[in-house]
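> Have a look at this fold, sequence not included:
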Ligand code: 6K6
């Protein structure tokens, strides 16, 4: 099972620690192709040595290879939104996790899309439960 994990990079790194924890959990289920998204040492500028064109080509290849896409979408990100649109066109199963908050509402373009499984969570344990259910339903 190849898993493409998506999370904000230039959109903001506020949730990077949560990405790391989610990726660690997903790695017990399958191969996470995009572990770097959970690297808490990178800032919103991303990796300087890898040109944007190379990043784009590599990530689109991984997206095509992936069996499933899991995205943490609390921090709005143009890149994650783009990846989710591509994932839908490639007919990949998609789980979108977002933290519950009074000050934040998930984009209707994700929440209103019945091709995506959008789940709100309060903490890591709760996010793990959503992941478990999502993967069980895939089988
Ligand atoms: C290397 C390590 C961390 O960051 C880098 C270099 N930058 C990127 N590397 C790989 N994927 C990237 C990079 N920048 C954006 N992406 C992809 O877009 C990831 O798969 C994320 O899911 C998404 C983030 O988009 P932005 O718009 O928030 O940057």
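Received the coordinates, thanks. Please read these numbers as outputs of a predicted model, since none were measured by experiment. Numbering: from 1, shown residues only.
> Count the neighbours of whichever residue of the chain sits closest to the ligand for me.
Distances between the chain and the ligand by Cβ to the nearest ligand atom are smallest at residue 79, namely 2.0 Å. To be clear about C-beta, it is placed using only N, CA and C from the backbone, and glycine gets the same treatment. Per other Cβ atoms under 10 Å, the neighbour tally for residue 79 reads 18.
> thought it was touching residue 10?
Yes - under the criterion of Cβ atoms under 8 Å, residue 79 is in contact with residue 10, at a separation of 6.8 Å.
> re earlier: let me see the contact set for the residue of the chain closest to the ligand.
For residue 79, the residues meeting the contact criterion (Cβ atoms under 8 Å, 6 or more residues apart in numbering) are 6, 8, 9, 10, 11.
> Check whether it sits in a helix, strand or coil.
Recorded secondary structure, residue 79: helix (DSSP: H, G, I helix; E, B strand; the rest coil).
> Look up how far residue 54 lies from it.
14 Å (Cβ to Cβ, to the nearest Å).
> wait, residue 124 sits on residue 21?
Yes - contact criterion Cβ under 8 Å: residue 124 and residue 21 qualify, at 5.3 Å.
> In this structure, mark out all the helices, start to finish.
Counting by DSSP state H, the segments of the chain that form helices are 16-26, 52-65, 78-89, 108-111, 124-138.
> which strands and helices sit next to the first one?
Just to be clear, that refers to helix 16-26. Contact analysis of helix 16-26 by 3 or more Cβ pairs under 8 Å, 6 or more residues apart in numbering; DSSP states H and E lists strand 2-6, strand 68-72, helix 124-138 as its packing neighbours.
> got the contact list for the spatially most central residue of the chain?
Centroid check for the chain by Cα atoms, centre = their mean gives residue 71 as the closest residue, at 2.0 Å. Neighbouring residues of residue 71 by Cβ under 8 Å, 6+ apart: 5, 6, 7, 80, 83, 84, 94, 95, 96, 97.
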